[in-house]
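**Student:** sequence unknown, structure follows:
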């Protein structure tokens with residue numbers, strides 16, 4: 001008689017069926033967004049607690065707040081983070097500038 005032993009690597013969904021990686025990825029992204037959203041309120045609250053001094057911990061909390069703001073903006077604006085709103089789109093600016101320059105100056109023949 002062959003006994004069936006549960007393997008630690010067996011999928012709980014059944015034999016031969018891999019776990020749904022897309023669902024796990026969506027759960028991870030939702031967790032990442034929720035933690036970033038929470039830190040938008042927690043980081044300034046921690047900075048405001050006494051003793052109020054400007055040291056490396058305060059600076060690191062400020063950078064954490066900016067990073068979390070970027071994550072939340074990426075989620076709500078389909079990948080456009082904080083820096084993209086501040087600095088504008090930097091990718092392909094040289095090519096864009098050449099096209100605009102060509103339109104302004106006209107044909108050079």
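**Tutor:** Sure thing, it's come through. Treat the numbers as computed from the prediction; the structure is a model and nothing was measured. Numbering: from 1, shown residues only.

**Student:** where do the strands of the chain begin and end?
**Tutor:** Under the criterion DSSP state E, the chain contains no strands.

**Student:** what stretches of it score poorly on pLDDT?
**Tutor:** Along the chain, segments meeting pLDDT under 70 span 1-19, 82-109.

**Student:** which helix of it spans the most residues?
**Tutor:** Ranked by number of residues, the top helix in the chain under DSSP state H is helix 21-48.

**Student:** mind listing what's buried in that helix?
**Tutor:** Neighbour counts using 16 or more other C-beta atoms under 10 Å place 33, 36, 37, 39, 43 of helix 21-48 among the buried residues. Yep, even glycine has a C-beta here, placed from its N, CA and C like the rest.

**Student:** need the contact list for residue 58.
**Tutor:** residue 47 (C-beta atoms under 8 Å, 6 or more residues apart in numbering).

**Student:** and it, how close does it get to residue 22?
**Tutor:** Residue 58 sits 39 Å away from residue 22, going by C-beta to C-beta, to the nearest Å.

**Student:** what does residue 63 give?
**Tutor:** Residue 63 is 32 Å from residue 22, by C-beta to C-beta.

**Student:** check residue 31 too.
**Tutor:** According to C-beta to C-beta, residue 31 stands 15 Å off from residue 22.

**Student:** repeat that for residue 64.
**Tutor:** 29 Å.

**Student:** ok, residue 51 next?
**Tutor:** For residue 51, the distance to residue 22 - C-beta to C-beta - is 47 Å.
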